[in-house]
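Enquirer: Generate a structure from the sequence data that follows.
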Amino acid sequence: MEILIAFAYVFAIIIFWFTITHLDPLTEEEIRALAAKRRTNKIQIYYAFNRSEIVVDPIIKNKMNPNGKFYSVCEDLDRFPSYAAGLLKYKKHEWIIVAFERNRKVDSMWINKGLNRECVSCNLDLDQIRNLAKQGNYTSVLIFHNHPNSNPNFYDCRMPSFQDLHSSLKYAKELNSTGHNFLEFICERGKPYR
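Expert: Numbering: from 1, shown residues only. Reported below is the predicted structural model:
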């Protein structure tokens, strides 16, 4: 009986405290802060990626067209960065992958080889990417490129170059303005870095 009375007393205190702290409506600042927190949480959940390394069939890697080609895929969004990194692993030149995502599925990607070991450029221009994203009603455009590493024991090529940062800002500005999310990754030794 005493335990029941103690439980009722604690429950009453909790109800009283909750009522007192929730009598006033939220201020505009509290509403904005709560909305920002909820938006950040949703984005983090949507773009949570599996970090395990994926081994890609070497036949698929060897058939990648260096001049550029679209490929149909059916990969979950959380798995695709590791898949793309697997495609780019051991490549001695820079390559680029532009992937299109909707409903947490990547169903189309463009792949082309860069000019050399130090420079990658997409054979699709920004207008083409933006139009494809609109026409396909895609949620996100993801870009992946590798940084070939001649000596992985000595060099760390996971960091973006100045050019990487510059082009990423340009793509983000253009794609975000049309309602598409943009993420860019550097791939090194089979691992993607956002």
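
Enquirer: Contacts only, for Glu184.
Expert: Neighbouring residues of Glu184 by Cβ atoms under 8 Å, 6 or more residues apart in numbering: Leu142, Ile143, Phe144, Pro160, Asp164, Ser168, Tyr171, Arg194. Bear in mind the C-beta positions are built from the backbone N, C-alpha and C, glycine included.

Enquirer: Among those, which lie within strands?
Expert: The strands, defined by DSSP state E, take in Leu142, Ile143, Phe144 from those.

Enquirer: Phe185 - how many residues pack around it?
Expert: 23 (other Cβ atoms under 10 Å).

Enquirer: likewise Glu53?
Expert: The tally of other residues near Glu53 (other Cβ under 10 Å) stands at 13.

Enquirer: just Ile59 next, same as before
Expert: Using other Cβ under 10 Å, Ile59 has 7 neighbouring residues.

Enquirer: Surely Cys74 is in a strand?
Expert: Yes. When classified by DSSP: H, G, I helix; E, B strand; the rest coil, Cys74 is found to be part of a strand.

Enquirer: Look at the residue lying closest to it once chain neighbours are set aside and report its pLDDT.
Expert: Counting by Cβ to Cβ, 6 or more residues apart in numbering, Cys74 lies nearest to Asp107, which is 6.1 Å off, once chain neighbours are set aside. Per-residue pLDDT puts Asp107 at 96.

Enquirer: So which of the ones in strands among the contacts of Glu184 wins on neighbours?
Expert: Most neighbours among these, by other Cβ under 10 Å: Phe144, with 26 neighbours.

Enquirer: where does the protein have its least confident helix or strand?
Expert: Scoring the helices and strands of the chain by mean pLDDT, DSSP states H and E places helix 2-21 at the bottom, with a mean of 84.

Enquirer: how far away is Val56 from Lys63?
Expert: The spacing between Val56 and Lys63, counted by Cβ to Cβ, to the nearest Å, is 11 Å.

Enquirer: For those two, indicate the residue with more neighbours.
Expert: A direct count of neighbours by other Cβ under 10 Å for Val56 and Lys63 places Val56 higher, at 16 against 10.

Enquirer: Now do the SS call for the more buried one.
Expert: Once three-state DSSP is applied, Val56 turns out coil.

Enquirer: domain ranges for this structure?
Expert: 2-46, 58-193 (automatic domain parsing).

Enquirer: hey, least reliable of these by pLDDT?
Expert: Averaging pLDDT over each of those puts domain 2-46 lowest, since it has a mean of 87.

Enquirer: now do the same end-to-end measure for stretch 57-68.
Expert: Its first and final residues considered, stretch 57-68 spans 19 Å by Cα to Cα, to the nearest Å.

Enquirer: can you give me the strands for the protein?
Expert: In the chain, the segments counted as strands under DSSP E are 69-76, 95-102, 105-113, 140-146, 181-188, 191-193.

Enquirer: Compile those into a markdown table and extend it with columns for distance to Cys122.
Expert: Listed next are these as a markdown table, based on distance: least, Cβ to Cβ, whole Å:
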| stretch | distance to Cys122 |
| --- | --- |
| strand 69-76 | 13 |
| strand 95-102 | 5 |
| strand 105-113 | 7 |
| strand 140-146 | 8 |
| strand 181-188 | 11 |
| strand 191-193 | 17 |
